[in-house]
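**Q** Below are the sequence and a predicted model for it; my questions follow.
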Amino acid sequence: MPLYEVSVYIDARGEASPAPIARAEQALRSLEPGEIVEVVTSDAASIPAFRAWAARTGNELLESRGDCGRYCFVIRHPTSAWVSLAT
């Protein structure tokens, strides 16, 4: 597992999807291109949701892992314009 310099850590355990994605998107808006957000959830539905969201918005999903009911996503803010979840 690579090490990343995480700018924002979000503990979204106990929140149902899409709330963790909305929180990640809000955090990414405050970051500079290339900065990283790490999100931890307890919702298995977050796995396909984060993958689809990253592909749709251009955010780079650097890592996606999970075990024992804990799912972690590491996302890099893109260096170019991206599409908001709200669009």
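**A** Great, that's in hand.

**Q** CA atoms for contacts and neighbours, from now on please.
**A** Fine.

**Q** right, and the secondary structure at Ile10 would be what?
**A** Classification of Ile10 using DSSP: H, G, I helix; E, B strand; the rest coil returns strand.

**Q** Can you name the residues that contact it?
**A** Arg23, Ala24, Val37, Glu38, Val39, Val40 (CA atoms under 8 Å, 6 or more residues apart in numbering).

**Q** same question, His77
**A** Leu28, Leu31, Glu32, Pro33, Gly34, Glu35, Ile36, Val37, Asn59, Glu60.

**Q** confidence score at it?
**A** With respect to pLDDT, His77 scores 93.

**Q** Check the gap between it and Cys68 for me.
**A** Noted for His77: a distance of 28 Å to Cys68, by CA to CA, to the nearest Å.

**Q** just to revisit the earlier point, out of the contacts of His77, which end up buried?
**A** Buried subset of the contacts of His77 (neighbour count, 16 or more other CA atoms under 10 Å): Leu28, Gly34, Glu35, Ile36, Val37, Asn59, Glu60.

**Q** Look at the residue of the chain most remote from its centre and report its pLDDT.
**A** Using CA atoms, centre = their mean, the residue of the chain lying farthest from its centre is Cys68. It sits 19.1 Å away. Note for Cys68: predicted pLDDT of 89.

**Q** For it, which residues are in contact?
**A** No contacts exist for Cys68 under CA under 8 Å, 6+ apart.

**Q** And whichever strand or helix holds Gln26, what's buried?
**A** Using DSSP states H and E, Gln26 maps to helix 19-29. For helix 19-29, burial by neighbour count (16+ other CA under 10 Å) applies to Pro20, Ile21, Ala24, Glu25, Ala27, Leu28.
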